[in-house]
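Peer 1: Can you look at this prediction? I've put the sequence above it.
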Amino acid sequence: MNRRQFLHTALCSSLVYGFGGIPGISRDSFAAFEPVQEKLLVNLFLSGGPDIRHFIVPAYDSNPDSVGNKYWKHRWRAHNLSEDPATWQQRWETDFYPITVGGENWNSGLANIAPDNRNNGVTFGIWRHAGWLIDMFRAGNVAMVCNVAGGRDRAHDLSSLKMHQGNLLSGINDADRSGWGGRLARSANGNSIAITNSPLPFTFGPVGTPGNYNPDAIDNQFLVSVQNSREMGLNEANLDDDQLYRPQHRMARALKNYYQGLRQEEIGNTYEKFRDHEQKVRFFGELIRDRLSDLPEPDLIRLLRTTQDENNQDILINGQIANPGGDGESRRILHSGYNFGSQIRNLYDVLAANDLLNVRTVSMEYGGWDSHGDQRQNEANPDINDPNVQRGIENGFKDIFGGQFGENPNDSNALHSGFSSLWASLNTVDRQKIVLTISGEFGRQIRDNGDAGTDHGVGNIMFIIGDEVNGGIYGELFQDAEVDKYDNLALRTPDIEGLTDLDPLFARVCDWVQPSSGTQVFPRTNGSYSGVTPIQEISGMFSNLMV
């Protein structure tokens, strides 16, 4: 029996959800990055409802009847500008990378999927500090899916549950339904990995076997929680330390000896689960430690959390000290409270041990997007981590999408951020096995609320990113119907209209990870139950898709 079969039948990790007999296998783990063996999904959930329209904007237009004028007229507060249109134009020209669909900065290979080619000639901008995303988009690796309908009830908890479960029909009493990441992992005969502080419902698996499971019930025996990839398993006593002053070592030694003795005893079924749990966690933890113990964490990823190495020495990048100030703080992850730098490190390690973990889905989270006021707060602060500074949503976008990639004239010496540091630390072959999905529970409204923020909405842009994604624009960038909404003050909640169901979108992602799994993970893909017509052209969103 190989390692993958072992993990399939007797999963164990830092957080174990299933129990069963443990077979004997050889210790053939080794300290190296194992090539990614199977296609896998990494899902980043932006909790709080991100205002993507602050990040992907229409070009400024002096024509008062254009969407490019209405947008800035009703959004200048959220961008921390004045009511003078000259400041709107300056913000557009200075802070956004312009792309004209079919024209300037447009890769001829990018997809333009919209009714009646309505995107043709439309100019939009991506925030310039998102250098990695700009580069990935221009390379044809980012599908920007517009006007996707999220939760329509505007409640964070219920809308989040619907998105995690991939079921817009879920109600407040349906928390015991499985998540679409857990269902995809089961369909692929693999495991669902949570690298967040606690597992999200996205990772919860269904009851039953692949092809015949019940999505409305939860079985988490194939869920692995990796809160700290470098400290998985159980503590081991360090006999080289003075254990008189290291009580954790004494406890670790005592418990290990206790369970070793217990395994020689005949005990009742009531206690067998605890003995089995300890053995699997200890054994699997040793395998992971063997794999990662001598595998250095890439400097670019370590810099997301600290500018110093394990020996408290400054990390050098191209021969230069990464943080000349010498305070040891991160130089990129600005919202340290969300542990995004640690999640990127965990993701790198999970990929390095993908054969041991049999990973098919990975769950990440970044919060803080509920920007009802001052959503560009402290945007001019230095690009360092300061936990005493409350920052707006732009620094969240920089944490995720910023980096040295892309034509970025205003940020040519930018440091790597989350995904850019990961992408730079992986080789091309491994990257081709990974797809990223990035979304929140709902969007924001098309105009600001007077407090320099935006309120809950419905439609939003979602991102599908990967080397095998046929990138471009899917859906209509800026709907003509929005123009009249901006000035209609009687319309208290002017939403981005949701024109695309999430089911067919995410089902196509599932089909790429595991052929023909989409309709099993999302059984309602053949119908539109959110009241909108799904776009059909997403069938070509991936290269080399076998269904």
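Peer 2: Structure received.
Peer 1: quick one: secondary structure of Tyr97?
Peer 2: With DSSP: H, G, I helix; E, B strand; the rest coil as the basis, Tyr97 sits in strand.
Peer 1: sorry, that was for His129
Peer 2: Taking three-state DSSP, the label given to His129 is coil.
Peer 1: now do Asn112
Peer 2: Put simply, Asn112 is strand when judged by three-state DSSP.
Peer 1: What's opposite it in the beta bridge?
Peer 2: Judged by DSSP bridges, the bridge partners of Asn112 are Ile473.
Peer 1: For it, report the pLDDT, please.
Peer 2: pLDDT recorded at Asn112 is 93.
Peer 1: can you tell me how far Val224 sits from Val145?
Peer 2: Here Val224 is placed at a distance of 29 Å from Val145 (Cβ to Cβ, to the nearest Å). Glycine gets a C-beta too; all of them are placed from N, C-alpha and C.
Peer 1: So if I had to pick from these two, which one is more boxed in?
Peer 2: Val224 (29 against 23; other Cβ atoms under 10 Å).
Peer 1: What does the pLDDT read for the more buried one?
Peer 2: On pLDDT, Val224 comes in at 88.
Peer 1: List the contacts of the nearest residue to Trp72 once chain neighbours are set aside.
Peer 2: Spatial nearest neighbour of Trp72, excluding adjacent residues (Cβ to Cβ, 6 or more residues apart in numbering): Trp88 at 3.8 Å. Residues near Trp88 by Cβ atoms under 8 Å, 6 or more residues apart in numbering: Tyr60, Trp72, Lys73, Trp76, His79, Leu81.
Peer 1: if we go to 6 Å?
Peer 2: Tyr60, Trp72, Trp76 (Cβ atoms under 6 Å, 6 or more residues apart in numbering).
Peer 1: Setting aside sequence neighbours, what's the nearest residue to Gly171?
Peer 2: Leu158 (7.4 Å).
Peer 1: What count of nearby residues applies to the spatially closest residue to Glu497 that is not a sequence neighbour?
Peer 2: On the basis of Cβ to Cβ, 6+ apart, the spatially nearest residue to Glu497 that is not a chain neighbour turns out to be Gly459, at 5.5 Å. For Gly459, the neighbour count with other Cβ under 10 Å is 26.
Peer 1: same check, this time on the one 3 residues further on
Peer 2: The burial metric for Met462, expressed as a neighbour count using other Cβ under 10 Å, is 25.
Peer 1: So what does the nearest residue to it once chain neighbours are set aside look like in phi/psi?
Peer 2: Spatial nearest neighbour of Met462, excluding adjacent residues (Cβ to Cβ, 6+ apart): Ser439 at 4.2 Å. As for Ser439, its main-chain torsions (degrees, to the nearest 10) stand at phi -160, psi 160.
Peer 1: pLDDT score assigned to Ser439?
Peer 2: Ser439 is assigned 96 on the pLDDT scale.
Peer 1: The one 3 residues further on now?
Peer 2: The model reports Phe442 with a pLDDT of 92.
Peer 1: What's the separation between Arg524 and Lys73?
Peer 2: Using Cβ to Cβ, Arg524 is found at 39 Å from Lys73.
Peer 1: Spit out the contact partners of Phe340.
Peer 2: Counting by Cβ under 6 Å, 6+ apart, Phe340 touches Ile333, Tyr366, Asp399, Gly418.
Peer 1: same thing but at 10 Å, please
Peer 2: Counting by Cβ atoms under 10 Å, 6 or more residues apart in numbering, Phe340 touches 44, 196, 304-305, 330, 332-334, 364-367, 396, 399-400, 417-419.
Peer 1: Ok, Asp383 next?
Peer 2: If you count contacts by Cβ under 10 Å, 6+ apart, Asp383 has them with His129, Arg331, Arg332, Leu334, Asn395, Lys398, Gly402, Asp411, Ala414, Leu415.
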